[in-house]
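Asker: Quick one: sequence plus predicted model below, questions after.
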Amino acid sequence: MFLLQHSIIFIDSEGEPTQELSALEMDLKSGEIVDVFHSYAYTNKNDWFARKHIHGLDPLFLKQNGYENSAELFTAFQSWMKRKCHIVAMYGNAPNKEKKELNLDITDIGLDNWASRHTKVYHQIAVSYKKKSLAIHTQRCNAKAHSRFQSAIVRHNNVGDAVREQHGYHCSLYDCYELYLFFHLSHVSK
């Protein structure tokens, strides 16, 4: 007997235009990650602020290891999505950009604010995985991809800024993993 797999997708992207895109597929019954999409796209757009303070994506790395542009990256992602049959929901954190670019119905998962996130297990695990470049299912992000990151912006010297500084660069793969852990710890594990 063939059983249908019902899935939830967690999605995140980095860059304007998108230069890194990731998605994790979680089997709804087991709660396990069953597939991962993670890839890059090159852009020659000047994205100096985000390169220095948010994602740190290195254009040379992207040119050597990514698609020629965001449109090709989106096409590859759509091909990955076509293999998914029974998606129950898609989640992102403040996913307005992803919803618009990918024309998908993505629900905001509602992560905790930065000031309280550092105390949460889901955040601590995701940051630890990123710092060690550990594999998520079958994929890992090469830290060289984010080599342009220098520091997070600290505006008010508050707890949220300190957490951002400790978090380091944003990587769509490990940010997706954080979404998965948040969901898993608050829904599946109960």
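Answerer: Sure thing, it's come through.

Asker: for the worst-scoring helix or strand of the chain on mean pLDDT, packing partners?
Answerer: For the chain, the helix or strand with the lowest mean confidence is helix 159-167, at a mean of 79 (criterion: mean pLDDT, DSSP states H and E). Judged by 3 or more C-beta pairs under 8 Å, 6 or more residues apart in numbering; DSSP states H and E, helix 159-167 is in contact with helix 114-117, helix 121-132. All C-beta atoms are positioned from the backbone trio N, CA, C, and that covers glycine.

Asker: Pull the residues that contact the shortest one.
Answerer: In this case it means helix 114-117. Surrounding helix 114-117, the residues in contact under the criterion C-beta atoms under 8 Å, 6 or more residues apart in numbering are 111, 123, 158-161, 163-164.

Asker: mind listing what the residue most central in space within the chain touches?
Answerer: Taking C-alpha atoms, centre = their mean, the centroid of the chain lies closest to residue 172, which sits 2.5 Å from it. Applying C-beta under 8 Å, 6+ apart, we find residue 172 in contact with 12-14, 20-22, 38, 141.

Asker: Can I have the buried ones of those as a ChimeraX selection?
Answerer: Selection of the buried residues among the contacts of residue 172 in ChimeraX, burial being defined by 16 or more other C-beta atoms under 10 Å:
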select :12,13,14,20,21,22,38,141
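
Asker: just checking, which of the contacts of residue 172 belong to strands?
Answerer: 12-14, 20-22, 38 (DSSP state E).

Asker: can I get those in TSV with distance to residue 28 and pLDDT?
Answerer: Conversion of the ones in strands among the contacts of residue 172 to TSV gives the following (distance: C-beta to C-beta, whole Å; pLDDT from 0 to 100):
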residue	distance to residue 28	pLDDT
12	20	98
13	23	98
14	27	97
20	26	98
21	23	98
22	20	98
38	21	98
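
Asker: related to what we said a few turns ago, any idea which of the helices and strands packed on helix 159-167 has the lowest pLDDT on average?
Answerer: Considering the helices and strands packed on helix 159-167 one by one, the lowest average pLDDT is found for helix 114-117, at a mean of 85.

Asker: tell me which residues of that helix are tucked away?
Answerer: Using 16+ other C-beta under 10 Å as the burial criterion, the residues of helix 114-117 that qualify are 114, 117.

Asker: Just the C-alphas of it, formatted as CSV.
Answerer: C-alpha atoms of helix 114-117 as CSV (Å, rounded to 0.1, in the frame of the first residue of the first chain):
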residue,chain,number,x,y,z
TRP,A,114,15.7,39.2,18.8
ALA,A,115,15.8,40.3,22.5
SER,A,116,14.3,37.0,23.7
ARG,A,117,15.4,34.7,20.9
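
Asker: thinking again about what came up before, want to throw the helices and strands packed on helix 159-167 into TSV with distance to residue 26?
Answerer: As requested, those are exported to TSV (distance: least, C-beta to C-beta, whole Å):
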stretch	distance to residue 26
helix 114-117	21
helix 121-132	14
